[in-house]
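>>> Need coordinates for the following:
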Amino acid sequence: MDEDFKAKLNAISDARKLQDEQYSVLLRSDDDIISLVLRAHLIMEELLFAAIAAHCPTPEHLQNIQFRFPQLVALVRALAKVPLPAWIWDALLELNALRNALAHNLDPQNISARVARLLRSDICVDSVDLMCLLNVVGT
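Residues are numbered from 1 along each chain as shown. Take a look at the predicted model:
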């Protein structure tokens, strides 16, 4: 593996410890579902963007790009050098669909069913596990 790329991945891993502490504060279980989903979506978006930036020799050129969430997911999936389970990508896209349903509708329908689908044991992801799996993208 390229040493520069390995150094970038190590920096992401080191930063993850601090991020995990911050994320646990942001994802308090006593918050309402809208707040939790919006924060989870922002966190995942940040992690996906970090995985993409790790592949770039000059990631500062990514700063002004406005990727949509499905584009981030597709790009990280395309960059993965080790195939990751389909449920990871399904969970990310389901989180995005849930976020869109909550953010763009005054009275969103089937929210409990969407939350249940996201939290199913075969689709549920915590930030630590997902970040570890996203690190595989660069190995």
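
>>> Any figure for the gap between the residue with the largest distance to the centre of the chain and E94?
Most distant residue from the mean C-alpha position of the chain: D107, 25.7 Å away (Cα atoms, centre = their mean). Per Cβ to Cβ, to the nearest Å, D107 is found 20 Å from E94. Any C-beta I mention is one placed from the backbone N, CA and C, and that applies to glycine too.

>>> same check, this time on T58
33 Å.

>>> When these two are compared, which one has more neighbours?
Legend: neighbour count by other Cβ atoms under 10 Å for T58 and E94, higher for E94 (18 against 7).

>>> Next up, phi/psi of L84, please.
Dihedral pair for L84: phi -100, psi 150, per degrees, to the nearest 10.

>>> For the protein, just list every one of the helices.
3-26, 33-53, 69-79, 86-103, 111-119, 127-135 (DSSP state H).
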